[in-house]
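Asks: Show me how the following folds:
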Amino acid sequence: MRGLFGGRRRSVFRPGKELGRYRNELHERTQRIDTRLGQVADEIEALRRRDIDPDTAIERLTVHEEALEEESEGIQEMLAPEELHGLHMEYEANLERSLRGILVVERGCAITRMPHRPPEDEEPYTYYKRGSGNVTHARMRMVEIVEVLLTWEPGLPAEATVATRMERVKKA
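Replies: Model (predicted):
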């Protein structure tokens, strides 16, 4: 006798298991990414305050950049539930934005090595400020997106907009 489903066992809880695995992996990865971005922001701030020199900053930022690129590849390989694809891709885009911010800061550090640069030239600090803004704003948006990705329930809309954030604040 073949049974109701043609002889195959079907798992009623399969989508739940997949969502749970996605959430676990996402939580682990995003925690590492957020910690790393916090360190990047601290390094850039130290550079802006002139607490570290550009050569030291480049060494440290390169290490962070490589680790974040590896995490970015892992995020891209993850399979998000269909309803979360848009937010997952937005998270990836913001991670890329933070990586571009690091490159902007590194570009500013490279300017300091130019042989005919005046010693009091403020141009590198413009790059540091711009890169810092990219990293900080991308990180803030990523935190919002992760909150929605980790708490989303099937059948509900997956939105991380200002309106949904304001609605959550009202309920809290």
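
Asks: tell me, how many neighbours does the residue nearest to Cys109 when sequence neighbours are not counted end up with?
Replies: Closest residue in space to Cys109, ignoring its immediate chain neighbours: Pro54 at 3.8 Å, by C-beta to C-beta, 6 or more residues apart in numbering. In this view, the C-beta of every residue, glycine as well, is placed from N, C-alpha and C. Residues lying near Pro54 (other C-beta atoms under 10 Å) number 20.

Asks: do the one 10 residues further on as well
Replies: The local packing count at His64 equals 19, with neighbours defined by other C-beta under 10 Å.

Asks: wait, it sits on Glu43?
Replies: Yes: judged on C-beta atoms under 8 Å, His64 makes contact with Glu43 at a distance of 7.2 Å.

Asks: three-state assignment of Asp121?
Replies: The three-state label given to Asp121 by DSSP: H, G, I helix; E, B strand; the rest coil is coil.

Asks: pLDDT weak spots in this structure?
Replies: For the chain, the stretches with pLDDT under 70 are 1-15, 162-166, 168-169, 172.

Asks: Could you rerun that using 80?
Replies: 1-16, 119, 160-172 (pLDDT under 80).

Asks: on that earlier part again, roughly how far does the residue nearest to Cys109 sit from Glu45?
Replies: Going from Pro54 to Glu45 by C-beta to C-beta, to the nearest Å gives 14 Å.

Asks: And Thr62, by the same measure?
Replies: Relative to Glu45, and taking C-beta to C-beta, Thr62 is found at 18 Å.
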